[in-house]
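Student: just coords:
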């Protein structure tokens, strides 16, 4: 029997039953007035039922014995399949076109049984409108219809049962016979439906008992209620609907593929007469919030009296006697229609019963407490009489009233026997005791000997001799036995699981390790956990660490120390870096859950050993991060020196990623501990400054820049905690209170932190508190002063003077040191704010630099201007803020420095360092050009010379537009200066322009200016000009455009070398020869064409060789070898040109063979045996 879904009738079906059937014929007999079943097809089996059987066979005969045959076109179409295969869809279309409805129905049924549902037939038979005559000629008034009138489709069946065969019959005498056959079919289907509904009603009553047992699932987790097929299909539909609505389309497709037996586009596929429940979101939100129903419930059993079921025998007799009279057949039809009406009403009653039971089941599911006294429960009777639930409806056919009274009396007895206890408590006690009581089985009433029974059972293929068989045959009956079983089985399961999926075992291993009673087994399980994956990747390590933390939270610090830490210690020297990385990360993750003595002793020693000995960068990086976490939890002040040494050790690590981890994690955590101990400004920062000072006496050229970078970067990372300390120890801290109108902190107020731990808001506690403290801080500095503010006074009176003194001792030519200190002062000033910078930092620098007019002419009073103090003050302090007054201050300072150094004839290294550091940022190019223009128009020639030389440094970083608009005009102005020294000072800048600029017009202007220096007669005897030009050509020639080098540089060098041979002054002659030697040495590395080589380069070298023979014999040897090499190059080029046509083919063949040989060699390893195989002949 096909099962029927026990859910309620849908609202649409109930409304359809209340509406009058508008599609029936107006001429209905009175016997057809019985209410019919609701529209739709409630008799069709749901999707989980067995495959449907064919309703009609192809050889079915009508009551008068006439068979239904297939039409000739259909027959010919099917017969032709041997020649050309005809598609199933074409056959179906032909059958429907020729109105072979029964044949099409049988074809549709067979396709369904074969699992090949055809959409055309499915749509046709599921549409009731296909079986109603929409047009045609109405019958005449005097036309005599059959006694029963025309056959109308029954409202309860929407497929074959909707056929009105009388309308399509050519033989009026066949109307009654066909109506009888159809009504017999409808009656049979109705009976099957009623039986299915009765079975479902019994199921619903039994599920009422199960609803009480569901409440006890938490107390007895061994009991698992199986899901019914209908529930599974309904849940599948809702889950798929949820996935589609929320954009999980790929998941929905995968889910549909895994449930290919279900149509997710049609809810009716789940089952007919089932209302669609609300979505998953609605069910989740309303779970447990529905109040219990207060309606009184009464069990009712409904059945049809056996005497009323006369249609069976009447129908059978009518089928056996086809020759009955017209009147008798009409009476049979009326009787059958009456039976259909009764069955429909009974079906409706049963559906209502199911609906009530379903609502009661849902109420019981959602209600935690016992049901109201007024609610009558069926579970008490079912629990005492398990078989009675299946007998209630069956016996109700004879005496429904007696059955109801028995049900009520049974409930009263059950309630009295239970003493009024709620059913949930009774079930819980039963489920708790079910594992403790011995289970009895029914023994057969047979006289077989035990030996025979044992021998008989031995044919069952069971195996309990092996380890696995013993585990399978012994079912765990308690939590402890489950843990013991898992402890025995997991070591055998893990090796047989794929490596990529072993992390799925982590929860099972951890739960067993937490709850297992045997320490040895727990140790083995944790060993399995740490050795679960040979080389765990990042995600797998995260899973294991998450499990370790969960284990630690569950078992407490004692077991973590005794069970987890030994596993870490065993893996500390593992050969795989991923395993050592897991150990390093575990030490940090477990730090909050360890005893404090273990944190500061064992774990700290483990990490220190790994930091010093491990060769893998990623392991040391994880060690440093874990050390930072340890520093955040350690509270033993005696370990402070060890922490400081660990910081210095990790800062000196050769790996950049390790050093980054130190600045991001370790130093912030260690500085927080130092702040709590009061050591930050007392011990930590002064110790780093002392180490920096120890580096300086080694000499200006012997400064260890790497160590300076290490200590200075550590100081830079300590600026945020130092400022937080100043705020927290300020006089106004007690007045700080967060208000609703507290302004937000500007985004650019602080430099971007390297990590969240260096964010001052994180150190203070929140951005709101920091905002209030910053307001009070600025107000205190601006109006109230620093009296009583010890931490800030230490910064002003001790830290800043010591830093400025260190800066004054640094070699200004070390661009690395200048850059490091500039960046440090920039971050210090940005962190402490603009008011602090203007009132505390700048005055101290200005006092040291002494840029007053009376000191300009002093020869020895401005030694500090030649030190690194100038560039660090200019680039580290004056560039912190970029407002107009700040830029004016920077411009004025650079102009004063340039003027002072020029007039004092002091070295320009400090000014050059300032220009190089500022020129790296394009934002300051305009500012620097403004400073240089001030020098261009200065009245002193010394200042103009300095400005000309500064252009050489600036040209390399400035874009070509600024070079064309600002630089070249200034240089041309200087090149026509009355002072020859100023004009000579422009030559290096012109050469740099030729080296870096690509605009042709600009190059031509510079080339003309250089040509005027070389060819103008007024410069013929300018020895210093010639020296500067030769030096510039040697510097820019290798990087300049080849055309400029070949057509301008080399010819003029040749002229200068030739002229130097006849120079009268020997000192000047050797100066020019030395510069020419340097220039030719640099240019010899370039590619020079043969023509230029022969006409200019070689003649120039020979002229220089002639000078060096007389002036510097040690250079003469080098020049001789250079000349010989150049001559060999010229000869080789001539020979290659002569043999060019011949060598093209040979070179191609040679290159091809060479390529093949090298590719073959590249495929080999270093094995000598394999190398020898290359030269073996192929056989």
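Tutor: The structure has been received and is ready for your questions. Keep in mind that what you see is a predicted model, and the values were worked out from it rather than measured.
Student: for the residue nearest to residue 985 when sequence neighbours are not counted, pull up the helix or strand it's in.
Tutor: In this structure, residue 985 finds its nearest non-sequential neighbour in residue 948, 3.7 Å apart by C-beta to C-beta, 6 or more residues apart in numbering. Placement of C-beta: from N, CA and C, glycine included. Residue 948 belongs to helix 941-955 when assigned by DSSP states H and E.
Student: what sits up against that helix?
Tutor: With contacts defined as C-beta atoms under 8 Å, 6 or more residues apart in numbering, helix 941-955 is touched by 898-899, 901-903, 905, 908, 911-912, 915-916, 919, 925, 928-929, 932-936, 938, 963, 967, 970-971, 974, 977, 979, 981-982, 985-986, 988-989, 992-993, 996.
Student: filter those residues down to the ones in helices?
Tutor: The subset of the contacts of helix 941-955 located in helices under the criterion DSSP state H comprises 898-899, 901-903, 911-912, 915-916, 919, 925, 928-929, 932-936, 970-971, 974, 981-982, 985, 988-989, 992-993, 996.
Student: can you tell me the SS state at residue 1009?
Tutor: helix (DSSP: H, G, I helix; E, B strand; the rest coil).
Student: and stretch 645-656, average pLDDT?
Tutor: Averaged across stretch 645-656, pLDDT comes to 93.
Student: buried residues in that stretch?
Tutor: Buried residues in stretch 645-656, defined by neighbour count with 16 or more other C-beta atoms under 10 Å: 646-648, 650-651, 653.
Student: kindly report the same for stretch 843-851.
Tutor: 844-845, 848-849, 851.
Student: kindly report the same for stretch 1011-1025.
Tutor: 1013-1014, 1019, 1022, 1025.
Student: of these, which one scores lowest on pLDDT?
Tutor: Across the set of the buried residues of stretch 1011-1025, residue 1019 stands lowest in pLDDT, at 77.
Student: follow-up on the earlier one: how close does the residue nearest to residue 985 get to residue 1102?
Tutor: For residue 948, the distance to residue 1102 (C-beta to C-beta, to the nearest Å) stands at 35 Å.
Student: of these two, who's got more company?
Tutor: residue 948 (28 against 16; other C-beta atoms under 10 Å).
Student: that one and residue 612, how far apart?
Tutor: Distance from residue 948 to residue 612, by C-beta to C-beta: 55 Å.
Student: can you list contacts of stretch 742-758?
Tutor: Contacts of stretch 742-758 (C-beta under 8 Å, 6+ apart): 660, 663-665, 668-669, 717, 720, 759-763, 767-768, 770-772, 774-775, 826-827, 830-831, 833.
Student: at 7 Å what do you get?
Tutor: Residues outside stretch 742-758 that contact it (C-beta atoms under 7 Å, 6 or more residues apart in numbering) are 663-665, 668-669, 717, 720, 759-760, 762, 767-768, 770-772, 774, 827, 830-831.
Student: please apply the same query to stretch 728-739.
Tutor: 768-769, 772-773, 776-777, 780, 788-791.
Student: could you rerun that using 8 Å?
Tutor: Contacts for stretch 728-739 (C-beta under 8 Å, 6+ apart): 727, 764, 766, 768-769, 772-773, 776-777, 779-780, 788-792.
Student: could you give the mean pLDDT of that stretch?
Tutor: pLDDT averaged over stretch 728-739 gives 82.
Student: straight-line length of it, end to end?
Tutor: 18 Å (C-alpha to C-alpha, to the nearest Å).
Student: what residues sit buried inside it?
Tutor: Buried residues in stretch 728-739 (16+ other C-beta under 10 Å): 730-732, 736.
Student: nearest to residue 521 among these?
Tutor: Closest approach to residue 521 among the buried residues of stretch 728-739 (C-beta to C-beta): residue 736, at 56.2 Å.
Student: now that closest one: phi and psi?
Tutor: phi -70, psi 120 (degrees, to the nearest 10).
Student: which of the contacts of helix 941-955 are buried, as a ChimeraX select command?
Tutor: Buried residues within the contacts of helix 941-955, by 16+ other C-beta under 10 Å, are selected in ChimeraX with:
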select :898,899,901,902,903,908,911,912,915,916,919,925,928,929,932,934,935,936,938,963,967,970,971,974,977,982,985,986,988,989,992,993,996
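Student: if I look at residue 343, how far off is residue 1097?
Tutor: Distance from residue 343 to residue 1097, by C-beta to C-beta: 118 Å.
Student: tally of neighbours for residue 1058?
Tutor: Residue 1058: 15 neighbours (other C-beta under 10 Å).
Student: does it lie in a helix or a strand, and which?
Tutor: helix 1050-1060.
Student: immediately after that helix, which helix or strand?
Tutor: Following helix 1050-1060 in sequence, per DSSP H and E, is helix 1066-1083.
Student: quick one: buried residues of that following helix?
Tutor: Result for helix 1066-1083 [16+ other C-beta under 10 Å]: buried residues 1068-1077, 1079-1080, 1082-1083.
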